[in-house]
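In: Here is a sequence with its predicted model. Questions after.
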Amino acid sequence: MQYKVLALDLDGTLTNEAKVITPRTRAALLAAADRGVRIVLASGRPTVGIEPLARELELDRRGGCILSYNGGKIIDCKTGQTLVQYAFPPDLIDTVCTFARYWNVVPLTYDNDGIVTENASSPYVAEEARINRIPVREVPDLPREITWPINKLLLVGDPVDMPHVEELMQQKFAGRLSIYRSAPFFLETMPLGVEKSASLGLLLKTMGLGPENLMACGDGWNDLPMIQFAGLGVAMGNAVPPVKAAAGYVTADNEHDGVGLAVEKFILEQNTEAPQ
């Protein structure tokens, strides 16, 4: 079997709009795991927001990994071991938060329980809480509150403004942070060089495998490097145009078993060859 590792973005990919895995997709993934395929849940979500889906797919028993914070952390679900971890530069926390406030976007991060932010009333903070099913704690000064190592700061705001904010941040923090959108209203700010494909590359190396053994499914801007890196990059039918253009295959959308159909075609039907 060529594809021994299956990396899956979550929102807009593995889960539908209700944030659940469809029965057909779940059945396909369990069958793939039974054949020895290592499933990696690769998301910008915090670890706590991915764990329920990992339990649903029985990754603690079948084997698999959580890749959270867009590659900022990878955990082996069976052993609980942290395989990869990158900390956000502490000296940039205040600078990023000050920048965010100036451009009227809201910075947030995570503690062991949920989201920590200066503006719990933001609808985009509420959306992040809904997606991850975690609580929100409001604090008066986020940089002063952060006394623990964090993996990322997420900036949330009006989708109309975010492309301009992203462009300005790319200029201001060039060579210091990795910055990209994961949704029209979410702007990820990460330690320099951290993104899904880089961390997947490290994981594959520990397994004695290469990109040719990786199949990856995604839909958003932050999935593009992963789609380009994988031996087979699969774009969802609802993916942004650059992801579709880079993919080796475009499957159905996340409301119509897109991940499940791709897994059936390229993993469970062993005689099917990947597109060139």
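Out: Sure thing, it's come through.
In: dump the residue contacts of the residue nearest the centre of the chain.
Out: For the chain, the residue nearest the mean C-alpha position is residue 43 (1.5 Å; C-alpha atoms, centre = their mean). For residue 43, the contact set (C-beta atoms under 8 Å, 6 or more residues apart in numbering) comprises 9, 10, 11, 49, 50, 67, 68, 70. The way it works is simple: take the backbone N, C-alpha and C, and place the C-beta from them, glycine included.
In: same check, this time on residue 203
Out: Taking C-beta under 8 Å, 6+ apart, we find residue 203 in contact with 5, 40, 65, 67, 74, 83, 84.
In: Next, it: secondary structure please.
Out: Classification of residue 203 using DSSP: H, G, I helix; E, B strand; the rest coil returns helix.
In: picking that back up, inside strands: which ones of the contacts of residue 203?
Out: In strands, defined here by DSSP state E, the members of those are 5, 40, 65, 67, 74, 83, 84.
In: Okay, the second one and residue 117: tell me how far apart.
Out: For residue 40, the distance to residue 117 under the criterion C-beta to C-beta, to the nearest Å works out to 28 Å.
In: So, low pLDDT: which residues of the stretch 1-150 of the chain?
Out: 1 (pLDDT under 70).
In: Helices of this structure, start to end?
Out: 23-34, 47-56, 59-62, 93-102, 123-132, 142-145, 162-172, 196-206, 224-229, 241-246, 258-263 (DSSP state H).
In: Compile the ones you listed into CSV and extend it with columns for distance to residue 187.
Out: Putting the helices of the chain into CSV (distance: least, C-beta to C-beta, whole Å) gives the following:
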stretch, distance to residue 187
helix 23-34, 28
helix 47-56, 17
helix 59-62, 29
helix 93-102, 9
helix 123-132, 10
helix 142-145, 15
helix 162-172, 6
helix 196-206, 16
helix 224-229, 15
helix 241-246, 17
helix 258-263, 25
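In: Can you say which of those helices is packed in most?
Out: Of those, the one with the most neighbours on average (mean count of other C-beta atoms under 10 Å) is helix 258-263, at a mean of 24.
In: what packs against it?
Out: helix 23-34, strand 214-218 (3 or more C-beta pairs under 8 Å, 6 or more residues apart in numbering; DSSP states H and E).
In: okay, it in CSV with CA atoms only?
Out: What follows is helix 258-263 as a C-alpha-only set of coordinates in CSV (Å, rounded to 0.1, in the frame of the first residue of the first chain):
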residue,chain,number,x,y,z
GLY,A,258,-15.6,13.9,0.4
VAL,A,259,-13.0,12.4,2.7
GLY,A,260,-14.7,9.0,2.8
LEU,A,261,-15.0,8.8,-1.0
ALA,A,262,-11.3,9.7,-1.4
VAL,A,263,-10.2,7.1,1.2
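In: For that helix, the averaged confidence score.
Out: The predicted model assigns helix 258-263 a mean pLDDT of 98.
In: cool, stretch 169-184 as well?
Out: Rounded mean pLDDT across stretch 169-184 is 93.
In: can you give me the end-to-end distance of that stretch?
Out: Using C-alpha to C-alpha, to the nearest Å, the end-to-end distance of stretch 169-184 comes out at 15 Å.
In: Stretch 213-225 too?
Out: 16 Å.
In: Please parse the protein into its domains.
Out: 5-86+194-268, 90-191 (automatic domain parsing).
In: so residue 138 sits right up against residue 114, yeah?
Out: No. If you go by C-beta atoms under 8 Å, residue 138 and residue 114 don't touch, sitting 11.3 Å apart.
In: Have a look at the two and say which one is more surrounded.
Out: Comparing residue 138 with residue 114 by other C-beta atoms under 10 Å, the one with more neighbours is residue 114, at 19 against 15.
In: Residue 49 versus the nearest residue to that one once chain neighbours are set aside, what's the distance?
Out: Spatially, and ignoring its direct neighbours in sequence, residue 114 is nearest to residue 134 (3.7 Å; C-beta to C-beta, 6 or more residues apart in numbering). Noted for residue 134: a distance of 6 Å to residue 49, by C-beta to C-beta.
In: list the residues that contact both of these two?
Out: With contacts defined as C-beta under 8 Å, 6+ apart, no residue is shared by residue 134 and residue 49.
In: do you know how far residue 236 is from residue 196?
Out: Using C-beta to C-beta, residue 236 is found at 15 Å from residue 196.
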